[in-house]
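Colleague: Would you be able to build a 3D model of this:
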Amino acid sequence: MANFTLTPETWQKVKTKFLRKYRELAAVEISFTPGQEDQLVQQLAKLVNRDNAYVEFTIRKALADPDGNRL
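Modeller: Sure, this is the predicted structure:
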């Protein structure tokens, strides 16, 4: 179970940061539905070829400073 909660607004900020880090994802449609954080983590982990823990860490790091440029 994901250790974070996303809203559509925060997801847009996290998505922007993810796309900066993983430019190859720009051509992929990444969908998110509020309450479906676990599915999002699994989808992103598969796309970036990382484990779920790494993706969760990256998302939590992005959420710590949603308006900053760093991921």
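Colleague: and the spatially most central residue of the chain, what does it touch?
Modeller: Central residue of the chain (CA atoms, centre = their mean): I59, 4.9 Å from the mean position. Applying CB atoms under 8 Å, 6 or more residues apart in numbering to I59 gives the contacts A2, F4, L6, V14, V41, L44. To be clear about C-beta, it is placed using only N, CA and C from the backbone, and glycine gets the same treatment.
Colleague: E29: which of the residues you listed is nearest?
Modeller: Relative to E29, the closest of the contacts of I59 is L44; by CB to CB it sits at 12.5 Å.
Colleague: and that closest one, which of the three is it?
Modeller: The three-state assignment at L44 reads helix, by DSSP: H, G, I helix; E, B strand; the rest coil.
Colleague: from memory it sits against F18, does it?
Modeller: Yes: distance between L44 and F18: 7.0 Å, which falls inside the contact criterion (CB atoms under 8 Å).
Colleague: When the two are compared, which one has more neighbours?
Modeller: Per other CB atoms under 10 Å, whichever of L44 and F18 has more neighbours is L44, with 24 against 21.
Colleague: what's the distance between K17 and T7?
Modeller: Separation of K17 from T7 (CB to CB, to the nearest Å) stands at 15 Å.
Colleague: Comparing the two, which residue is more hemmed in?
Modeller: When neighbours are counted by other CB under 10 Å, K17 comes out ahead of the other of K17 and T7, with 20 against 10.
Colleague: Just list what the host helix or strand of the more buried one packs against, helices and strands only.
Modeller: Following DSSP states H and E, one finds K17 within helix 8-21. Applying 3 or more CB pairs under 8 Å, 6 or more residues apart in numbering; DSSP states H and E, one finds that helix 8-21 makes contact with helix 52-64.
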